[in-house]
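Student: Provided below for reference: sequence and predicted model.
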Amino acid sequence: MLLINKRCISKLSKVIVEYFFINHMFDGKVVLITGGTGSLGKALTKKILETNVSAIRIFSRDEWKQVQMESELQDKRLRFFIGDVRDKERLTRALENVDIVIHAAALKQMPVAEYNPFEAVKTNVIGTQNLIESCLDNNVETVLAIGTDKAVSPINTYGATKLLMERLFVSANFYKGKHKIKFVCVRYGNVMGSRGSVIPVFVNQIKVGKKITITDPNMTRFNITMKEALDLIFRALKNSKGGEVFIPKLKAYKVGDIKDAIIETL
């Protein structure tokens, strides 16, 4: 019983430490999120707004999504910048006086990247290089990039560009010179229910009576919830020294099984 109590106390202590850190790591900080109007960007914004953050800058291309997000959240600490990571000059201006950057902007639809490989390279690779150089020029404290499991032994354009993104971030720690800045990555699988992932696609196809598009029902997908994704990002920001790629242990499911589960649920 004593052992159990010690374990419970130890686990509770870790939870308290994590809670305290998350609620104070952003105190007085200015945070910029590239691709901030996406599913992950919005979830990050909502979570960080619960802290004493000084300001959050949303950097993205879609003005309508920015209008919707501003109307939904209605927080004076939010700032919205129309821009593209391909535009280094615009990035440099948006990064003035920023402390923490979370890089979530990417072309991530695999079929689109296959058909438009040059565009995927411009955004996912050259855009990342632009961000790194702009962060160095503006003396940002910490820059975290959102990676993907598709970067492991990539077999498609999207995975290859995200692998290069990771390599650029890791190598940036070696040529940063005297700049006191950390570049770190997180790498995980499909965020359940995020925009463009299989679950909302299958749900929509079933509701409108369309054929469910599955290439192979035995294909597997590593799965992570939005809460788990946010927790991983915050842990990486807390524990990184610079140059790491944080990779969680994830559960996997067969695409055919998730389709069957959705049909039963609906």
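Tutor: Okay, I see it.

Student: where exactly do the helices run in the stretch 151-266 of the chain?
Tutor: 157-172, 198-207, 226-239, 255-265 (DSSP state H, counting those that start in this stretch).

Student: those helices into JSON lines, with extra columns for mean pLDDT, mean neighbour count and distance to Thr142?
Tutor: Glycine gets a C-beta too; all of them are placed from N, C-alpha and C. Output for these, formatted as JSON lines (pLDDT from 0 to 100; neighbours: other Cβ atoms under 10 Å; distance: least, Cβ to Cβ, whole Å):
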{"stretch": "helix 157-172", "mean pLDDT": "96", "mean neighbour count": "21", "distance to Thr142": "12"}
{"stretch": "helix 198-207", "mean pLDDT": "75", "mean neighbour count": "16", "distance to Thr142": "31"}
{"stretch": "helix 226-239", "mean pLDDT": "93", "mean neighbour count": "17", "distance to Thr142": "6"}
{"stretch": "helix 255-265", "mean pLDDT": "75", "mean neighbour count": "14", "distance to Thr142": "35"}
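
Student: may I see those helices arranged in CSV, with distance to Phe118 as well?
Tutor: Below are the helices of the stretch 151-266 of the chain laid out as CSV (distance: least, Cβ to Cβ, whole Å):
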stretch, distance to Phe118
helix 157-172, 10
helix 198-207, 26
helix 226-239, 29
helix 255-265, 29
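
Student: I'd like to know which of those is closest to Lys46.
Tutor: Comparing the helices of the stretch 151-266 of the chain against Lys46 with Cβ to Cβ, the closest turns out to be helix 226-239 (9.4 Å).

Student: quick revisit: can you tell me which of the helices of the stretch 151-266 of the chain is nearest to Ser54?
Tutor: The nearest among these, by Cβ to Cβ, is helix 226-239 at 16.1 Å.

Student: so where's the stretch 51-200 of the chain shaky on pLDDT?
Tutor: Residue ranges of the stretch 51-200 of the chain with pLDDT under 70: 192-197.

Student: need the strands for it, in chain order.
Tutor: Applying DSSP state E, counting those that start in this stretch to the stretch 51-200 of the chain gives strands spanning 55-60, 78-82, 100-103, 142-148, 182-188, 190-191.

Student: nearest to Asn204 among those would be which one?
Tutor: Per Cβ to Cβ, nearest to Asn204 of the strands of the stretch 51-200 of the chain: strand 190-191, 16.3 Å.

Student: which other helices and strands contact that closest one?
Tutor: Judged by 3 or more Cβ pairs under 8 Å, 6 or more residues apart in numbering; DSSP states H and E, strand 190-191 is in contact with strand 220-224.

Student: which parts of the strand it packs on are buried?
Tutor: By 16 or more other Cβ atoms under 10 Å, the buried positions in strand 220-224 come out as 221-224.

Student: with stretch 180-196 instead?
Tutor: 181-192, 194.

Student: between the residues you listed, which sits nearest Ile146?
Tutor: Top of the list for closeness to Ile146, among the buried residues of stretch 180-196 and by Cβ to Cβ, is Val186 at 6.2 Å.

Student: that closest one pairs with what?
Tutor: Bridge pairing for Val186 (DSSP bridges) gives the partners Ile146, Phe246.

Student: check contacts around the closest residue to Leu164 other than its chain neighbours.
Tutor: Residue nearest to Leu164 in three dimensions, not counting chain neighbours: Val125, with 4.9 Å by Cβ to Cβ, 6 or more residues apart in numbering. Shown in contact with Val125 (Cβ atoms under 8 Å, 6 or more residues apart in numbering): 161, 164-165, 168.

Student: do Met69 as well
Tutor: 36-37, 42, 45, 58, 78, 80.

Student: what would these look like in JSON lines with distance to Phe174 and neighbour count?
Tutor: Shown next, in JSON lines, are the contacts of Met69 (distance: Cβ to Cβ, whole Å; neighbours: other Cβ atoms under 10 Å):
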{"residue": "Gly36", "distance to Phe174": "28", "neighbour count": "26"}
{"residue": "Thr37", "distance to Phe174": "33", "neighbour count": "25"}
{"residue": "Lys42", "distance to Phe174": "33", "neighbour count": "20"}
{"residue": "Thr45", "distance to Phe174": "31", "neighbour count": "22"}
{"residue": "Ile58", "distance to Phe174": "30", "neighbour count": "26"}
{"residue": "Leu78", "distance to Phe174": "35", "neighbour count": "18"}
{"residue": "Phe80", "distance to Phe174": "34", "neighbour count": "18"}
